[in-house]
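**Student:** fold the following, please.
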Amino acid sequence: MEDIEKLIGAERSLVSNNYFSKFLNTVTDQIIIEYRSRSGGNLVQRIIASDSKNIYWDKFINNSTEDSIDPIYWPINGFRPQIPHTISPKDQQLHTCHTGGSLMHMGDREELTSLLSLVKKAEKVNKRLIIRSHNKLRKYNKNMTIVRVVGNKKQLGRNLQTLKEFFEPVNEPNTHNININKLVSEDYELFLCEYTNLCKFLNINMNTHKVRKFIEEWVARQ
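**Tutor:** Reported below is the predicted structural model:
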């Protein structure tokens, strides 16, 4: 119940936030990941970012405990924990691949200023930035590119589960529904189809072998 109340509160804040609405009208060329907490949004972000020629990435976003900028390299001591968070720092480092500085949460001015700084850095090098959000954002900008993480939380089998069900697929323009269960499936063909469709939608390069290995590491930690 507490998680649901927090989400409702976040939605209300976003709706009434002028900075948020204005910001979303500036990110049409970027990539938005819509996902429920603990449905693999950070994993999807890292997979997309494996195309370093087209996607902006830096050490701040990578959030590694090592001196690495590779989004799909899992450091020995895991990724830096997000604080505050409902998951303990220890469990975050053991089970999650959290990224840094790229989450659009409450849409306050300080948060959006930080995100806008990343957008400018990406544009300067002719790359696209990936922005994550737990909220449904299509109503704010019909032209944004959205990757929507869908699936079944029970089938995903994570120890770190949430009360909320994952997002359902939608049929909307400029939106790609990626099924997290198929993406992390042991069945290679299911994985390959889901990954291929994602890359085609975003017009990014595939990095199949490394992505598959990173997913296998993620699954083993769940």
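**Student:** against residue 91, how distant is the spatially most central residue of the chain?
**Tutor:** Centrality entry for the chain: nearest residue to the mean C-alpha point is residue 41, 3.6 Å, by CA atoms, centre = their mean. For residue 41, the distance to residue 91 (CB to CB, to the nearest Å) stands at 17 Å. (Each C-beta comes from the backbone N, C-alpha and C, glycine too.)
**Student:** likewise for residue 135?
**Tutor:** 24 Å.
**Student:** low-confidence ranges in the chain?
**Tutor:** 1-18, 161-163 (pLDDT under 70).
**Student:** 80 instead, please
**Tutor:** Along the chain, segments meeting pLDDT under 80 span 1-20, 106-107, 157, 159-163.
**Student:** which stretches in the chain count as strands?
**Tutor:** Taking DSSP state E as the criterion, the chain contains strands spanning 31-34, 130-133, 145-150, 175-179.
**Student:** residue 56: what's it in contact with?
**Tutor:** 118, 121-122, 125, 127-130 (CB atoms under 8 Å, 6 or more residues apart in numbering).
**Student:** change it to 6 Å
**Tutor:** Counting by CB atoms under 6 Å, 6 or more residues apart in numbering, residue 56 touches 122, 127, 129.
**Student:** out of those, who's the most crowded?
**Tutor:** Sorting the contacts of residue 56 by how many neighbours each has (other CB atoms under 10 Å) puts residue 129 first, at 23 neighbours.
**Student:** of residue 135 and residue 91, who's got more company?
**Tutor:** Neighbour tally, residue 135 and residue 91, criterion other CB under 10 Å: the higher count belongs to residue 135, 19 against 15.
**Student:** hmm, back to that, for the strands of the chain, which one sits closest to residue 20?
**Tutor:** strand 130-133 (10.2 Å; CB to CB).
**Student:** who are the packing partners of the closest one?
**Tutor:** strand 31-34, helix 41-49 (3 or more CB pairs under 6 Å, 6 or more residues apart in numbering; DSSP states H and E).
**Student:** does the residue nearest to the centre of the chain really touch residue 133, like I thought?
**Tutor:** No. Here residue 41 does not reach residue 133: they are 8.6 Å apart, not a contact under CB atoms under 6 Å.
**Student:** residue 138: how many residues sit nearby?
**Tutor:** By other CB under 10 Å, 18 other residues sit near residue 138.
**Student:** got the contact list for it?
**Tutor:** Taking CB under 6 Å, 6+ apart as the test, what residue 138 contacts is residue 172.
**Student:** any idea how far residue 148 is from it?
**Tutor:** 9 Å.
**Student:** which residues touch the closest residue in space to residue 88 that isn't next to it in sequence?
**Tutor:** In this structure, residue 88 finds its nearest non-sequential neighbour in residue 81, 7.9 Å apart by CB to CB, 6 or more residues apart in numbering. Applying CB under 6 Å, 6+ apart, we find residue 81 in contact with 89, 92-93.
**Student:** tell me the most buried of the strands of the chain?
**Tutor:** Sort those by mean neighbour count, taking mean count of other CB atoms under 10 Å, and strand 31-34 sits at the top with a mean of 24.
**Student:** so what touches that one?
**Tutor:** By CB under 6 Å, 6+ apart, strand 31-34 touches 41, 44-45, 128, 130-133, 137, 144-148.
**Student:** and if you look at stretch 93-100?
**Tutor:** 42-43, 45-46, 60-61, 63, 78-79, 81-82, 160, 221.
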